[in-house]
Each structure stands twice: as structure tokens, then as C-alpha cells.
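>>> Task: produce atomic coordinates for the following.
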Amino acid sequence: MKNEETQNLAEIGGRIRKVREASGLNLHELALLSGVSAPALSLIENGKRDLRLTSLFRIAGALRISVGDLFDERPTDAPIPSGEGYDLKDYT
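This is a model prediction of the structure:
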């Protein structure tokens, strides 16, 4: 896995852990509510498991938040800073 991907997984996992703890839930309780096993949740929270989109929705639902709350999103109407466009030359 690429370093950036690993970092992204760790960030999302950390946010899941933070919301879970703020909700007063332990791993086993979140596992019961989400249908994702406690060992899998532990790996997700530690950024060591690439979770499926369906699992992400189940976890967010169990935590009573939207999936978007787990992401650091830039507003869609925000302009792309100059020089930060798409570089597709490596893909053509």
C-alpha cells in the first residue's frame, strides 16, 4: 500500500475511534451495532485495514453520523488553487 493511502486509512480510522469513544462505545458495542467484527474495527481504527464502502456506511450509521463526517472535505464550490489541477501525463 502506498504511504499516502496508509495515511488516509489511519486518518479515517482515527476519526472513527474518536467518534466511538465520544459516544461512549467500546469496540464490541460498535461491532454489535454495525455488524463489523471487533477485530476488524480495531484494524480499521489503527489504519491497518482498507475497509469497504458498505462497512464505512454501516459504521457511520451505527455512530449516528454521516459518512461525510468522517472525511475532511473541501466544499465543492471552492476553486482549485492554481497549479493544483490534474496531471494526467503519466496515464496517457
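
>>> Low-confidence stretches in this structure?
For the chain, the stretches with pLDDT under 70 are 1, 72-92.

>>> Can you pull the phi/psi pair for the spatially closest residue to Asn26 that is not a sequence neighbour?
Computed as C-beta to C-beta, 6 or more residues apart in numbering, the closest residue to Asn26 that is not its neighbour in sequence is Arg20, at 7.9 Å. Quick note: C-beta positions are derived from backbone N, CA and C, even for glycine. With angles defined as degrees, to the nearest 10, Arg20 sits at phi -60, psi -50.

>>> Surely Arg20 touches Leu33?
No - with contact defined as C-beta atoms under 8 Å, Arg20 and Leu33 do not form a contacting pair (9.9 Å).

>>> Compare these two (neighbour count), which wins?
Neighbour count, other C-beta atoms under 10 Å: between Arg20 and Leu33, Arg20 has more, with 21 against 17.
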